[in-house]
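> Following is a predicted model, sequence given first.
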Amino acid sequence: MRRRDLSDEELNQIINLKKAGSSWVKIQRELGINRRTAKRAYDNWVRSQSMEELKEARKDVAAQAFREHMESVIRLAGALVTNLRVPSSLADMDKDTEQFLSWLLDQDLLERLVSISVETKEAYAPVSGPHVLDPQSYRREKELLFESLKVHTRENARLWKDWDEWKEARNNCVKVLRKLRKETSEVVGNYLNQERRVNLLHSIRERSGERDPVKRMAEGVLGRIWQAIREDKLDEESPWFEVVSRVDGTAHGVYAKPGRELVLPVADDTGKSLAEEVTRICELAANNLRKGNMVQQLHWEVRNMKKASEELGEMLNPVKLRPVILRTRCDLCPA
């Protein structure tokens, strides 16, 4: 016997009666449709509704997953831009690009961590209940998101040209700084040796409490030059250093201006002549070095770093990056 196909109107009547609690016998009597046919049509309709609900649920899950993916890429890009700026401290310029990026990927760029255990080096994530975020998995996630950022923005050739220029400028800065540190120590040492005062270095060592005052002075001179380079004030007139004394005159400090970064403390209750000599030598060394080729080259490379990082910051601004991610696709984008 051939199965009867029900019209939409008949199916709607069956659905309404079943929702009202009618039995299949009652539905057969009221509509004149065999109860088995009515039940089969109703069951098919229920299954189709479940599939539609599942499709809608999957759409919601995919939409939420995509939002999370997009925000993670944007957060990573923001952290990257922040760390590409020329650092204020010379200590943050001891890594070349490869070392810097490796260090950066170990940082909490996605703002997931509450703390890191000193004993176990395990990273604890801010979730309810005890939970440990595996550092290797977290680092791999950041590596994948960085690759995702590249894919989403691959059509922006200017962006990745700036990225290459930033890397080249940073590598050049690191190379120049390594040589400049050595030269700064030599210049400071030479000026100290040229002084006619007998046992000057011994006196500075004794009064400052520093085992290697030449190193401290050289760090102060190089730090002041770095500050001038960062602020594009390399041609600023002297003095760059000054003596600041305690009220009672028992101790003095040699400071780099204008932020008053301590270069060397000098305890001398007989007067501040020793601190003034240290200041004068720092001044002479800084004036000598800032006119040299290495400092000029460093100044040029820092300008290149600044320019590239500013342009990257503009192109990776969330306002510009979000629509780019919405209209492109990477392997991590949910279907």
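Noted; the coordinates are in hand.

> just how off-centre is the biggest helix by length in the chain within its chain?
The longest helix of the chain (DSSP state H) is helix 35-84. Distance of helix 35-84 from its chain centroid, counting by CA atoms, centre = their mean, to the nearest Å, is 31 Å.

> got any ranges where the protein has weak pLDDT?
By pLDDT under 70, the low-scoring segments of the chain are 1-3, 49-50, 52-54, 57, 114-132, 198, 270-271, 335.

> Please repeat the previous calculation with a cut-off of 90.
1-64, 91, 111-135, 192-211, 235-238, 244-253, 255, 257-262, 264-275, 334-335 (pLDDT under 90).

> can you pull out the helices in it?
Under DSSP H, the chain gives helices at 8-19, 24-31, 35-84, 97-105, 135-152, 157-194, 200-208, 213-230, 273-290, 293-315, 318-326.

> list the helices and strands the shortest one packs on?
When you say that, I think you mean helix 24-31. helix 8-19, helix 35-84 (3 or more CB pairs under 8 Å, 6 or more residues apart in numbering; DSSP states H and E). Quick note: C-beta positions are derived from backbone N, CA and C, even for glycine.

> As TSV, the ones you listed with distance to E237 and mean neighbour count would be great.
Formatted as TSV, those follow (distance: least, CB to CB, whole Å; neighbours: other CB atoms under 10 Å):
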stretch	distance to E237	mean neighbour count
helix 8-19	89	14
helix 35-84	31	14
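
> Quick one: closest of those to D331.
Comparing the helices and strands packed on helix 24-31 by their distance to D331 (CB to CB), the top pick is helix 35-84, with 10.8 Å.

> what's the distance between I281 and P135?
Plainly put, I281 is 46 Å away from P135 if you go by CB to CB, to the nearest Å.

> closest to L326 out of the helices and strands packed on helix 24-31?
Between L326 and the helices and strands packed on helix 24-31, the tightest spacing by CB to CB is seen for helix 35-84, at 7.3 Å.

> Output the contacting helices and strands for that closest one.
Using 3+ CB pairs under 8 Å, 6+ apart, helix 35-84 sits against helix 8-19, helix 24-31, helix 97-105, helix 135-152, helix 293-315, helix 318-326.

> just so I know, which of those lies nearest L192?
The nearest among these, by CB to CB, is helix 293-315 at 20.4 Å.
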